[in-house]
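Q: sequence unavailable; structure follows:
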């Protein structure tokens, strides 16, 4: 007798029964369709890597490397970890063959990952991610294309501009602004942290903190007005700040392509700045019940070198299944999933089993997904009830009377209508795509 | 500077660069196509499970549980293991919801697994497996269907009956034969082990060993002639041995369906008998350079109860990517994989970038996989060379002359031919599936 506790999956992981898997598979399909539409090719990295790939200096954030990594020592004494993210692996792969690979490298993968999280809404321990990246091209056009792919994914999901927003900033421009516009040359990290949390505190609290960091009243005023900065305010800095020029070009190019309603310059967007080097973006769900970041992305020109020793311009993003599922839940965007099976071929009695099997095989060869009823000695009524409960839309009945005349019954389980047809005629209908 | 050793994947795992991934993905697609054709539905289980699921009494073989398991203690003190196989997980899932699930349960999954193996040809540490199972139906027709699916998979791969063979036996029949035909009532395990290795030793050695196990010369003679046993020799035992009746029904049903050339009754096939309870099979590659078992399958009516506490008839099999890859290699059955991208839209100059982008978008909307050339300032010659090296079959060129006339150049990179066309006409050709 088994331990009943063993019937449950490990905390933070999920059993994907077919109904659940259909939803996961739908997300995977949309991700793949969007990436392939833009000419990206699928790759896959190993499930585990040397632990050091994640813990080496300046690699994955401290939280991932120290607190969230699932790792073990193998029987040969090597410390390995289950991948918590794809960037180290894909950087390693790009680095190992960079000279031979045709540039630009347009790659994507769909894979499972693990992080030791405290399970809660939106946080699980095993999750799935699309990773799409472009390596070897530092052009701002790459930045444009990747945001275009992100929007394309959302459109394939049926999302409109009311449902999500892509907030855009530039790391270099922010640094330039802080140093040359505001004039902050000390305590930059401290000031950045305050700016990152501007929206969470009152204006008074923010002023107080900025004052404590040594800013003058004029400087504090500039910082407090940062969130109001518009993209056209950057026009005067294009010659002075490379970051401003990149950001301006990205925004204008996206606007020119008709994406204005999906994007917004957010001068106070700083998340992920440890990682990114140029244009960055973060996609937000705009639903009032789930107003949260879905994922981030952007240019990370220094990271491949860290993992591979080779300097490679790079840009990418990585949406996950969990925030995507929440988004599709909240906006009610899931399609209807039907049973994959098209037809149940019933078996009237054991004498007719072989002929029924022949019908099933012919329908399968014509491209349908077909179940043959296997259990012996069940009445047709039971078999129809099985089709009904399973949501199988069509049923074939081949009784002795039909068999004598070389016919069979084709029953539509949804309308309840049934027709007596010849197999050849039915196959022709199936091949032409209209067997109702 | 990164550690150069970190550029390599962990021993026994593989980096699937897009060319390699195409091959893996082809195997996955064939597996899925075959399972869905027979009305099986996809599910997925967690990557990790409680270690106990694998180590509890009589679960996974001792080798997997003790020597090959990748396991760790999580930060909450729970011992978890990366799945080395799917059966414990899927049995757990079936057990947890058996009452609510519509029977028979036709399920399959495609997933990654890890076992600590000594890497060598055909043995890796991370591998991928199809697991297809039918739960809740003890009918021999289920045994028939699953072997039919195994053959269907091989046919989709383009394999003929010269390339592989499915060897079939029945566990209960073997036990009956040993006890009632040969008359062995002691040392059954020892005798079974000798039988399992009959082919590896000389007749003299086998006789010696069987004699040591206490068999009489007559008994030894019967055992040595076991491999010659034919399915029709079982006719006289059908009333006496349930196993003989199951095996006979399975073989005759497969023969009636036209599969005779793919199957063979192998009375000395004992592998996996710890696990299986009725009809069993093992698929062999017949290539002289790779004459080996590819995978096994069969009925395992006791195993779900072990993992879930609920008695459930079950039958299934699980081919892996590694033996499949070797099979396709040896028999030269791989299809040609082309670049996924259909079209490269070149950018003549920055003034024409936006119009070129519009062409790319229109072609994408028409269903093609389209790359837009992103790097700025590259000559058309360079862009064509990129398409050529990347194996992209079609290229669009939109120069100032064409633009003035509302035309574009559509170039076939394989034939070298090019035509000047209107975008609308081209889109119509694409929609109708014949833009050459």
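A: Good, I have the coordinates. The model shown is predicted, which means the values in this text are computed figures rather than measured ones.
Q: number of residues surrounding whichever residue of the stretch 101-250 of chain A sits closest to chain B?
A: Residue nearest to chain B within the stretch 101-250 of chain A: residue A:141 (3.9 Å; CB to the nearest CB). Using the backbone N, CA and C atoms, a C-beta is placed for each residue, glycine as well. Counted by other CB atoms under 10 Å in any protein chain shown, the residues lying close to residue A:141 total 23.
Q: got a list of what it touches?
A: If a contact means CB atoms under 8 Å, 6 or more residues apart in numbering or on different chains, then residue A:141 has A:253, B:353, B:372, B:374-376 as its contacts.
Q: one more pass at 6 Å, please.
A: Residue A:141 makes contacts with residue B:374, as judged by CB atoms under 6 Å, 6 or more residues apart in numbering or on different chains.
Q: wait, a helix at it?
A: Yes. Inclusion of residue A:141 in a helix is indicated when DSSP: H, G, I helix; E, B strand; the rest coil is applied.
Q: how near is it to residue A:80?
A: From residue A:141 across to residue A:80, the span is 38 Å (CB to CB, to the nearest Å).
Q: what comes up buried for stretch A:382-398?
A: By neighbour count on 16 or more other CB atoms under 10 Å in any protein chain shown, the buried set for stretch A:382-398 is A:383-384, A:386-387, A:390, A:392-398.
Q: next: stretch A:236-249.
A: Those would be A:237, A:241, A:243-249, for stretch A:236-249 by 16+ other CB under 10 Å.
Q: for stretch A:408-424, same thing?
A: For stretch A:408-424, by 16+ other CB under 10 Å, it's A:408-411, A:413, A:421, A:423.
Q: of those residues, closest to residue A:210?
A: residue A:413 (68.3 Å; CB to CB).
Q: pretty sure residue A:222 contacts residue A:182?
A: Yes. Here residue A:222 reaches residue A:182: they are 4.9 Å apart, a contact under CB atoms under 6 Å.
Q: how close does residue A:15 sit to chain B?
A: Distance, residue A:15 to chain B, using CB to the nearest CB, to the nearest Å: 5 Å.
Q: what's the burial count for that residue?
A: Residues lying near residue A:15 (other CB under 10 Å) number 19.
Q: re earlier: what's the most distant pair in the buried residues of stretch A:382-398?
A: Between any two of the buried residues of stretch A:382-398 (CB to CB), the greatest distance is 19.3 Å, for A:390 and A:398.
Q: list the contacts for the nearest residue to residue A:292 once chain neighbours are set aside?
A: Nearest non-adjacent residue to residue A:292, counting by CB to CB, 6 or more residues apart in numbering or on different chains: residue A:285, 5.8 Å away. Contact analysis of residue A:285 by CB under 6 Å, 6+ apart lists A:164, A:292, A:294, A:327.
Q: now for those residues, which pair is the farthest apart?
A: A:164 and A:292 (10.9 Å).
Q: and the two? which has more neighbours close in?
A: Legend: neighbour count by other CB under 10 Å for residue A:164 and residue A:292, higher for residue A:164 (20 against 14).
Q: can you name the residues bridging to the more buried one?
A: Taking DSSP bridges, one obtains residue A:285 as the residues bridged to residue A:164.
Q: what do you get for the one 5 residues further on?
A: Residues found in beta-bridge contact with residue A:169 (criterion: DSSP bridges) are residue A:280.
Q: now, which of the buried residues of stretch A:382-398 lie within helices?
A: A:383-384, A:386-387, A:390 (DSSP state H).
Q: host element of residue A:326?
A: Assigned by DSSP states H and E, residue A:326 belongs to helix A:321-330.
Q: how far does that helix sit from the chain's center?
A: 10 Å (CA atoms, centre = their mean, to the nearest Å).
Q: which elements pack onto that helix?
A: strand A:126-135 (3 or more CB pairs under 6 Å, 6 or more residues apart in numbering or on different chains; DSSP states H and E).
Q: please see if the strand it packs on touches chain B.
A: Yes. Strand A:126-135 lies within reach of chain B by CB under 6 Å from any CB of the partner chain, at residue A:126.
Q: ok, and of the ones in helices among the buried residues of stretch A:382-398, which contact chain B?
A: Among those, the ones lying near chain B by CB under 6 Å from any CB are residue A:390.
Q: dump the ones in helices among the buried residues of stretch A:382-398 to JSON lines, plus pLDDT.
A: Putting those into JSON lines (pLDDT from 0 to 100) gives the following:
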{"residue": "A:383", "pLDDT": "97"}
{"residue": "A:384", "pLDDT": "97"}
{"residue": "A:386", "pLDDT": "95"}
{"residue": "A:387", "pLDDT": "96"}
{"residue": "A:390", "pLDDT": "93"}
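Q: what is the nearest of the ones in helices among the buried residues of stretch A:382-398 to chain B?
A: Once CB to the nearest CB is applied, the member of these that ends up nearest chain B is residue A:390, at 5.4 Å.
Q: now the closest one. Nearest residue, chain neighbours left out?
A: Per CB to CB, 6+ apart, closest to residue A:390 is residue B:102, 5.4 Å.
Q: what of residue A:397?
A: Per CB to CB, 6+ apart, closest to residue A:397 is residue A:409, 4.0 Å.
Q: which helices and strands sit right next to the helix or strand where that neighbour lies?
A: Assigned by DSSP H and E, residue A:409 falls within strand A:408-412. For strand A:408-412, the elements it packs on are strand A:394-397, strand A:418-421, judged by 3+ CB pairs under 6 Å, 6+ apart.
Q: strands paired with it, and their directions?
A: strand A:394-397 (antiparallel), strand A:418-421 (antiparallel).
Q: after the helix or strand harbouring residue A:72 comes which helix or strand?
A: Taking DSSP H and E as the definition, one finds residue A:72 inside strand A:71-73. Reading on from strand A:71-73 to the C-terminus, the next helix or strand found by DSSP H and E is strand A:79-82.
Q: and the closest residue in space to residue A:261 that isn't next to it in sequence, how many residues sit next to it?
A: Leaving out its chain neighbours, the residue that sits closest to residue A:261 by CB to CB, 6+ apart is residue A:161, at 4.0 Å. Other residues within reach of residue A:161, judged by other CB under 10 Å, total 16.
Q: same check on residue A:302?
A: Residue A:302 is flanked by 15 other residues according to other CB under 10 Å.
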